[in-house]
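**Q** Just need the structure, nothing else, for what follows:
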Amino acid sequence: MTSDPEERRRRGLAAQNAMEFVGPALEALRSEYQVAHMKLCVDDPTATDKMIKLAVAQRVINAVEGHIKAAMADGAFAMSEKARADEIAKLPEAKRRWI
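**A** Numbering: from 1, shown residues only. The predicted structure follows:
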């Protein structure tokens, strides 16, 4: 990740826009894998290899979603940092010394 606040803000907005489209797809995949996992556990409880693969697939979905949400949160934090810096810059010099 970059430390440039403007780049962090842009990445956060891009992640937020991406999540609007990718979020429902991730949720649908997660739901399908959960149903398949439950069905497999009932139908063939000895198929541990298949169960592991389904669990890993769900873990990947969660990781992708986590990375997108982290970028969104970092962008929001960068925006709040910039707003705070702008607020401080508007203060008179005498008051800025105390911050």
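
**Q** mind checking how far whichever strand or helix holds residue 69 is from the chain centre?
**A** Using DSSP states H and E, residue 69 sits within helix 48-90. Relative to the chain's own centre, helix 48-90 is displaced by 2 Å; criterion: Cα atoms, centre = their mean, to the nearest Å.

**Q** same question, stretch 27-34
**A** 17 Å.

**Q** and the spatially most central residue of the chain, what is it in contact with?
**A** The residue lying closest to the centre of the chain (Cα atoms, centre = their mean) is residue 69, at 1.4 Å. By Cβ atoms under 8 Å, 6 or more residues apart in numbering, the contact set of residue 69 is 15, 19. C-beta coordinates here come from the backbone N, C-alpha and C atoms, glycine included.

**Q** hmm, back to that, so for the helix holding residue 69, mean pLDDT?
**A** Helix 48-90 comes out with an average pLDDT of 94.

**Q** ok, then the element right after that helix?
**A** helix 93-96.

**Q** Contacts for that next one next, please.
**A** Outside helix 93-96, the residues touching it (Cβ under 8 Å, 6+ apart) are residue 88.

**Q** Now do that helix: distance to the chain's middle.
**A** That offset, for helix 93-96, works out to 38 Å (Cα atoms, centre = their mean).

**Q** Kind regards, and thank you for your time.
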